[in-house]
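Enquirer: Build me a model from this:
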Amino acid sequence: MFGIVADSLGLISDAGHNLTDVVALLISLFAVGLARRRPTSSRSFGWHRGTILAAQVNSAMILLLTVWITYESIERLLDPPAVQGGIVVVVALVAFVANAFGAVAVHEGGHGNDPNMRSALLHLVGDALASLGVAVAGVVMVVTDGSFWLDPLVSLLIGVSIAWHALKLLRASTAVLLEGSPEGLDVDDLARAMAAVDGVDAIHDLHVWSLSSELRALSAHIVVSGHPSLEEAQRVGARVKHAIAEPFSIAHSTLELECETCEDDGPGCGMGQLDLAAAPHLHQH
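Expert: Model prediction:
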């Protein structure tokens, strides 16, 4: 309402961001609740991917709003309307304080690596910066009794900045949905750590992916030394899991123990073999 009264695109876009913030936080809270549900027979990994889907929805909302802001900003830059600078300053400063407080609250609440909560935090930080930029532009417009082009210019610059971060977040969440190797995880180092475990001859068909930003899973075929008993082979598997659990944050490991390497792409051998001695590049999922 104040944006319409002041004829300020900065305030209107700020209000739009605030509206998406409310929706984003509701989506994020709903997704966190889903992620805490226990697994079921139909969803054996639970609802962890819910937080990733929420991050994608929130990112898409930011991008759609930014497209509209960019369009309006360009139009107003070509023909800047008169803006009520006093109203802009007061309303923008109030919005800045509210958004800054909300951003601090979300940050202090933890979950900094969760794309879902990062997207919600991105909304709040973006709105706080937008409000501050609008307030500064309002001060200049009041002092100069003009410079109305600053209002759409600030909206355009902030919109582009927020869109850039939203695209990065969208790419990260998409990588999780496509089951790419977790960000920051060196699969070569992981394979070497597994191969270094006593009793392991070779590793192949290694796959590692993320169920969510905080839950990593792994599957691999382990060729054990000699022809151990089932109990001895299980001990080797336990040592492998222990070796990778904490250093690589692998929460769920599924290992198939073998006395001999199965045929490449053969029945039960998965999607391909991994031979550390022969292949400098690791097959990864």
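
Enquirer: Ramachandran angles for residue 203?
Expert: Main-chain torsions, residue 203, degrees, to the nearest 10: phi -130, psi 140.

Enquirer: after the helix or strand hosting residue 61, next one along is what?
Expert: In this assignment (DSSP states H and E), residue 61 forms part of helix 49-78. Towards the C-terminus, the helix or strand next in line after helix 49-78, according to DSSP H and E, is helix 85-108.

Enquirer: and that following helix, what does it pack onto?
Expert: Other helices and strands packing on helix 85-108, by 3 or more Cβ pairs under 8 Å, 6 or more residues apart in numbering; DSSP states H and E, are helix 2-6, helix 9-35, helix 115-144. For every residue, glycine as well, the C-beta is placed using N, CA and C.

Enquirer: Worst mean pLDDT among the ones you listed?
Expert: Note on those: lowest mean pLDDT is at helix 2-6, with a mean of 53.

Enquirer: Quick check: residue 184 is in a strand.
Expert: No: under DSSP: H, G, I helix; E, B strand; the rest coil, residue 184 falls outside any strand and is assigned coil.

Enquirer: and it, how many neighbours does it have?
Expert: Using other Cβ atoms under 10 Å, residue 184 has 8 neighbouring residues.

Enquirer: do you know how far it is from residue 58?
Expert: In this view, residue 184 and residue 58 are 22 Å apart by Cβ to Cβ, to the nearest Å.

Enquirer: Please apply the same query to residue 166.
Expert: Taken as Cβ to Cβ, the span from residue 166 to residue 58 is 8 Å.

Enquirer: before we move on, what about residue 259?
Expert: Residue 259 sits 49 Å away from residue 58, going by Cβ to Cβ.

Enquirer: The two: which has the busier surroundings?
Expert: The residue with more neighbours, out of residue 259 and residue 58, is residue 58; 30 against 12, by other Cβ under 10 Å.

Enquirer: how far away is that one from residue 141?
Expert: 32 Å.

Enquirer: what's the answer for residue 59, then?
Expert: In terms of Cβ to Cβ, residue 59 sits 32 Å off from residue 141.

Enquirer: Then residue 40?
Expert: 58 Å.

Enquirer: which of the two has more neighbours?
Expert: residue 141 (25 against 10).

Enquirer: The more buried one against residue 148, yeah?
Expert: Yes: Residue 141 lies in contact with residue 148 (Cβ atoms under 8 Å); the separation is 6.2 Å.

Enquirer: joint contacts of those two?
Expert: Here residue 141 and residue 148 have residue 83 as joint contacts, going by Cβ atoms under 8 Å, 6 or more residues apart in numbering.

Enquirer: buried sites along stretch 69-76?
Expert: 69-70, 72-73, 76 (16 or more other Cβ atoms under 10 Å).

Enquirer: And stretch 216-228, by the same measure?
Expert: Buried-residue list, stretch 216-228, by 16+ other Cβ under 10 Å: 216-224.

Enquirer: if we can go back for a sec, now the helix holding residue 61: how far from the chain's centre is it?
Expert: How far helix 49-78 lies from its chain's middle: 16 Å, per Cα atoms, centre = their mean, to the nearest Å.

Enquirer: Thanks a lot, catch you later.
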